[in-house]
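> Predicted structure and sequence below. I'll ask about it afterward.
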Amino acid sequence: IIVCLSTFVIGLVNARERESLDVLEGEEVLLQCRFAPVSAETSVTLYWIRNNRDGSDNAAIEATSLDSNYRVERFPSMGRYDLKIKNTTYNRDNGNFKCMVKEAGTGKTVHTKSIGLTVLLKPSPPKISPPAPVATEGKPINLTCSSSGGSPPPQ
C-alpha cells in the first residue's frame, strides 16, 4: 500500500524537467513532453510556450498549433503532449520551449518541462588573412583564420 500511495502522490506533485536538443536548420524535430497519465475525470489544460530572441509567446494551446510549421500530438490519458516542428528556422525556433500541464479551473501547474532548442547553422567559410601571404626565410609570419555567423558561434 505504501508503494502505491507513493506512486500516486508523485504523480500529483509539480514535476519539472529540463533538456537540450540540437537540430539542423530546415530539419524536423519532435519535442516530447511526458507526464503522469490524466484520468478521463480530470480536466487539464496543455500548453507549449516558445521563448526566442523576439520574446515569449504561445506555440500551442491544447490541440491547436499556433504556427503552420508546428503540429501537436495530444494524448493526456497516456501522459503525452508532443510538439513536432517542421522546417526549423533559426529566427523562429532557436530558444527555449516549455510544456505546461495545468489543472483546469484551478490553474495549478501539474507538470512543466523545458527544452532548450539550438538550431544549428553553418558558419561562413574560413578566411585567412592576409589573403596572399608572402613568407621570407628566417622571418616570422602571422596568419589569421576567421569565420563568422553560425549557431552556435564558431570559437
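Received it, and whenever you're ready, just let me know what you need.

> From here on, just use CA atoms for contacts and neighbour counts.
Will do.

> what about the strands in the protein?
Assigned by DSSP state E, the strands in the chain fall at 15-24, 29-31, 44-52, 55-61, 64-65, 70-75, 80-85, 95-103, 109-120, 127-129, 144-146.

> Surely residue 128 and residue 142 touch.
No - at 10.3 Å, residue 128 does not count as touching residue 142 under the criterion of CA atoms under 8 Å.

> distance of residue 24 from residue 89?
Taking CA to CA, to the nearest Å as the measure, residue 24 falls 9 Å from residue 89.

> Overlap of the contact sets of the two?
residue 119 (CA atoms under 8 Å, 6 or more residues apart in numbering).

> that older thread, could you dump the strands of the chain to TSV with mean pLDDT, mean neighbour count and distance to residue 138?
Formatted as TSV, those follow (pLDDT from 0 to 100; neighbours: other CA atoms under 10 Å; distance: least, CA to CA, whole Å):
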stretch	mean pLDDT	mean neighbour count	distance to residue 138
strand 15-24	81	14	46
strand 29-31	97	19	54
strand 44-52	95	20	52
strand 55-61	95	15	56
strand 64-65	95	16	66
strand 70-75	95	18	61
strand 80-85	96	19	57
strand 95-103	95	21	51
strand 109-120	95	20	43
strand 127-129	88	12	20
strand 144-146	86	11	19
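
> Now distance to residue 137 too, for those strands, in TSV please.
Formatted as TSV, those follow (distance: least, CA to CA, whole Å):
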stretch	distance to residue 137
strand 15-24	45
strand 29-31	54
strand 44-52	52
strand 55-61	56
strand 64-65	65
strand 70-75	60
strand 80-85	57
strand 95-103	51
strand 109-120	42
strand 127-129	19
strand 144-146	19
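
> Right, I'll leave it there.
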